[in-house]
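In: Need the 3D shape of this:
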Amino acid sequence: MKKKKKVNAAILIIGNEILSGRTQDKNVAFISNWLNLNCGITVLEVRIIPDVEKIIIKNIQDLSKKFDYVFSTGGIGPTHDDITAKSIAKAFKVKYGFHKEAYKILENYYGKNKFNDGRKKMAKMPLISKLIYNPSSAAPGFITKNVLSLPGVPSILNSMIENCKKYLIRGSKVHSKTINLFTVESNISKQLGLIQNKYKKFVDIGSYPFFRLGKIGVSVVSRSTSKTKLKNVHKELIKAVNLKGIKILKI
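Out: All right, here's what the predicted structure looks like:
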């Protein structure tokens, strides 16, 4: 992978089963974490949409222009409602059909006698696509321009994710530090604002309420590609908290 300072991505979850609540998404957290730790790529937006061609096309066109990469999940299986591949071809106005390499992989995996129409459908995709190999169930994902299309089944997606690396430009890893406090957000909001404003070009500071051991608390999370700037912010946060007499929870 090549490398540049900041690289971003969006995740597009495609599937009526997610929107209906029938299936709980597990892919967003996994992809986001993997991208940050392994590639230095930050996910800045997540969308969940139904299996509707016009909606898929619109979102693919929008996100592919807005971000360095788009990771789509779902809709590349053998059934009638798996329309992601065809929709992506239409979004980029490229030819759609049997991808020769994908077809060969699936035919070898299932054998000619068991290679039915449903299984053949998984070899249909934008013809300009490059394959993302699948060590679990053979059916490959694919990358079309800057859109990487993966299956919705978490266990299969997880097994394929490493095969995305060769197509990605690596960014600087985002580091983080967390301080857990027994206080309410309003008690530290002014101090957080002042520190954030001072380091706004280098560090992002977020506060997230929690309830633990019968008490209300706040997790203050600082994120930056610069370890030095992150360390400075952490020191200033500790100093501000101590001046307020707020208890720091050690985990």
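In: Would you mark the buried spots in the longest helix along the chain?
Out: Criterion DSSP state H: the longest helix present in the chain is helix 227-244. Residues of helix 227-244 classed as buried: 229-230, 232-234, 236-237, 240-241 (neighbour count, 16 or more other C-beta atoms under 10 Å). (Glycine included, C-beta is placed from N, CA and C.)
In: Go through the next helix or strand after it and flag the buried ones.
Out: Downstream of helix 227-244, the next assigned helix or strand under DSSP states H and E is strand 247-249. If you call a residue buried by 16+ other C-beta under 10 Å, then strand 247-249 has these buried ones: Leu249.
In: Output the contacting helices and strands for strand 247-249.
Out: Applying 3 or more C-beta pairs under 8 Å, 6 or more residues apart in numbering; DSSP states H and E, we find strand 247-249 packed against strand 175-182.
In: how about the strand it packs on as CSV, C-alpha atoms only?
Out: These are the backbone C-alpha positions of strand 175-182, laid out as CSV (Å, rounded to 0.1, in the frame of the first residue of the first chain):
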residue,chain,number,x,y,z
HIS,A,175,-4.1,7.3,18.0
SER,A,176,-6.4,7.8,21.0
LYS,A,177,-6.3,8.4,24.7
THR,A,178,-9.3,8.1,27.1
ILE,A,179,-10.0,9.6,30.5
ASN,A,180,-13.0,8.3,32.4
LEU,A,181,-14.4,10.8,35.0
PHE,A,182,-17.1,10.6,37.6
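In: strands paired with it, and their directions?
Out: When sheet partners are counted by DSSP bridges, strand 175-182 sits next to strand 215-224 (antiparallel), strand 247-249 (antiparallel).
In: Distance from the chain centre to the shortest one, please.
Out: Strand 247-249 has its C-alpha centroid displaced from the chain centroid by 32 Å (C-alpha atoms, centre = their mean, to the nearest Å).
In: which stretches of the stretch 1-150 of the chain have low pLDDT?
Out: Within the stretch 1-150 of the chain, the ranges that satisfy pLDDT under 70 run 1-4.
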